[in-house]
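Colleague: need coordinates for the below:
(one chain, ligands or ions: 2)
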Amino acid sequence: MSEIWEGESSIFIHEERLLLDYIPTQLPHRGDQLELLASMFKPFLYSPGNASQKVILTGPIGTGKTVVAKYFGLKVEREGEERGIKIRYVHVNCHKDRTLFLVMRKTARELKLPVPPRGFSSQELIGITWNMLEDRDEYLLLTLDEADYLLKTNGSDALYVLSRISDEYVSTKQRISLILIMRDLTPLYLMDRSAKSSLLHNVIRFDPYTSKQIKDILCERVFEEKAMRVEAVDEVILDYIGELVGVDKQGPGDARMALEILWRAGKYAESKGKERVELNDVRKAFNDITFISPIESLDNLKLHEAILFLAIIKLLKRGEGRNYVTLGEVEEVYRLLCEELNERPRGHTKVWEYTQNLKNMGLITARLSGKGQRGKTTLVDIPAASLEVLEREVSKNILRRLKSFEGG
Ligand code: ADP
Ligand code: MG
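Modeller: Ligands and ions are numbered 1, 2, ... in the order given. Okay, the predicted model is just below:
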């Protein structure tokens, strides 16, 4: 029954599974990090109360730190339940709650602890929380996400308090363990030796995703989690997003960006009543997300760079769904365009140089072909725009310059 209702879209099935807060059932390429977490928190599960653990997750944006922590939190709560140990997982985002006091107030609320509105210091709140855990015989795994913000407002004081959270209670059972998520670890290196070693002892790193990894993450969402209809998304689409985002293709390696591109591209296709997501929908989505305006940079191009750019646009437009053209093809069209414009075409070396410039300006992507093509060729694409608009604007730009040439 629910399938029928959800089946209304030509593109999506469980659309919400592409959204940022959704916690998927699998986390491809984060097995190592999850295993490390599990091994670091093993004592916490087997003999809770004996030690307070502190683990730091670090890495750039969109590398899965938040989702891994939440996923792990769910697992730990469940595992505790099976063992008859009451473990509570609380996830606080320090971007929203920027002081230790706010963090602890939020934590207390999540634990359904009655908190008097004012008159307490953060230390006292920690004490109240601790006592409550003691009374209920519960253990808390607390994640401070985006803890960088906590450091910005509270300085390292907050960290000192947290790193010593358990020292005041040495004689009793340890009730609180911590996961800190931070982008930048430098502030930790400035702390005194004992705080530093207590915090930096367990650091788990998250690297930006490669194009292949991005593709796997998207595949999982589309095909396993059924976020979208199988027929609506060709693998080529997922490959393409992988190439736009993957760190090995000079992208940010950000899974959030990849999911957003896929979702938006799906929305564009859906709104036009299409049954399938097309490469152009992806281009448009990417463009909207990255906000690069190629049109604004046109005046910075040399004349022949602009002509070469126009050649690429024209070729991609008639590319029949291919997401690249080869540099060889581009050069041919470039020469034809030069003829039309009465310009002397530049040689291969120059063309190569222009291509690099266009790439450096972010107007095109250029990569070496892998398997499948004979020999190595350079594959060129324009990810960031509606090709129709671009073609019009670049043509205008070129003609304007040629006119002003003639005019003197
Ligand atoms: P970070 O906290 O490092 O900035 P997030 O954990 O918020 O990154 O991840 C960004 C988005 O990408 C989230 O929607 C998350 O669910 C998804 N994501 C990240 N890594 C993976 C993965 N390995 N598998 C599935 N989804 C992932
Ligand atoms: Mg995060």
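
Colleague: average pLDDT for stretch 212-229?
Modeller: Averaged across stretch 212-229, pLDDT comes to 97.

Colleague: so which bits of that stretch are buried?
Modeller: By 16 or more other Cβ atoms under 10 Å, the buried positions in stretch 212-229 come out as 213-222, 225, 227-229. Where C-beta positions appear, they are placed from N, C-alpha and C, glycine not excepted.

Colleague: now render those as a markdown table, adding distance to ligand 1.
Modeller: Below are the buried residues of stretch 212-229 laid out as a markdown table (distance: Cβ to the nearest ligand atom, whole Å):
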| residue | distance to ligand 1 |
| --- | --- |
| 213 | 7 |
| 214 | 9 |
| 215 | 12 |
| 216 | 8 |
| 217 | 4 |
| 218 | 9 |
| 219 | 10 |
| 220 | 6 |
| 221 | 7 |
| 222 | 12 |
| 225 | 9 |
| 227 | 11 |
| 228 | 15 |
| 229 | 20 |
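
Colleague: can you lay out those residues as CSV showing distance to residue 306 and secondary structure?
Modeller: Shown next, in CSV, are those (distance: Cβ to Cβ, whole Å; DSSP: H, G, I helix; E, B strand; the rest coil):
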residue, distance to residue 306, secondary structure
213, 36, helix
214, 32, helix
215, 33, helix
216, 38, helix
217, 37, helix
218, 35, helix
219, 38, helix
220, 42, helix
221, 39, helix
222, 38, helix
225, 44, coil
227, 40, coil
228, 38, strand
229, 41, coil
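
Colleague: among those residues, which pair sits farthest apart?
Modeller: Largest separation among the buried residues of stretch 212-229 by Cβ to Cβ: 213 and 229, giving 23.6 Å.

Colleague: save the buried residues of stretch 212-229 as CSV, and put in distance to residue 18 too.
Modeller: Below are those laid out as CSV (distance: Cβ to Cβ, whole Å):
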residue, distance to residue 18
213, 17
214, 14
215, 15
216, 15
217, 11
218, 9
219, 13
220, 11
221, 6
222, 9
225, 9
227, 5
228, 8
229, 13
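
Colleague: which one of those is nearest to residue 355?
Modeller: residue 214 (24.8 Å).

Colleague: so what's that closest one up against?
Modeller: Taking Cβ atoms under 8 Å, 6 or more residues apart in numbering, we find residue 214 in contact with 241, 242, 245, 246, 253, 255, 258.

Colleague: the residue lying closest to residue 225 once chain neighbours are set aside: what secondary structure?
Modeller: Take residue 225 and drop its neighbours on the chain: the residue closest to it by Cβ to Cβ, 6 or more residues apart in numbering is residue 17, 4.8 Å away. For residue 17, the assignment made with DSSP: H, G, I helix; E, B strand; the rest coil gives helix.

Colleague: and what of residue 87?
Modeller: Per three-state DSSP, residue 87 ends up strand.

Colleague: ok, now which ones touch the closest residue to it other than its chain neighbours?
Modeller: Nearest residue to residue 87, sequence neighbours excluded (Cβ to Cβ, 6+ apart): residue 80, at 3.5 Å. Shown in contact with residue 80 (Cβ under 8 Å, 6+ apart): 45, 48, 86, 87, 139.

Colleague: and the buried ones among those residues, selectable in ChimeraX?
Modeller: Under the burial definition 16+ other Cβ under 10 Å, those of the contacts of residue 80 that qualify are selected in ChimeraX by:
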select :45,48,87,139
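
Colleague: spell out which residues of the stretch 151-300 of the chain are next to ligand 1.
Modeller: Proximity of the stretch 151-300 of the chain to ligand 1 (Cβ under 6 Å from any ligand atom) is limited to residues 206, 217, 255, 256, 259.

Colleague: which residue ranges of the stretch 201-350 of the chain form strands?
Modeller: Taking DSSP state E, counting those that start in this stretch, the strands of the stretch 201-350 of the chain run over residues 203-205, 325-326.

Colleague: many thanks, we can stop here.
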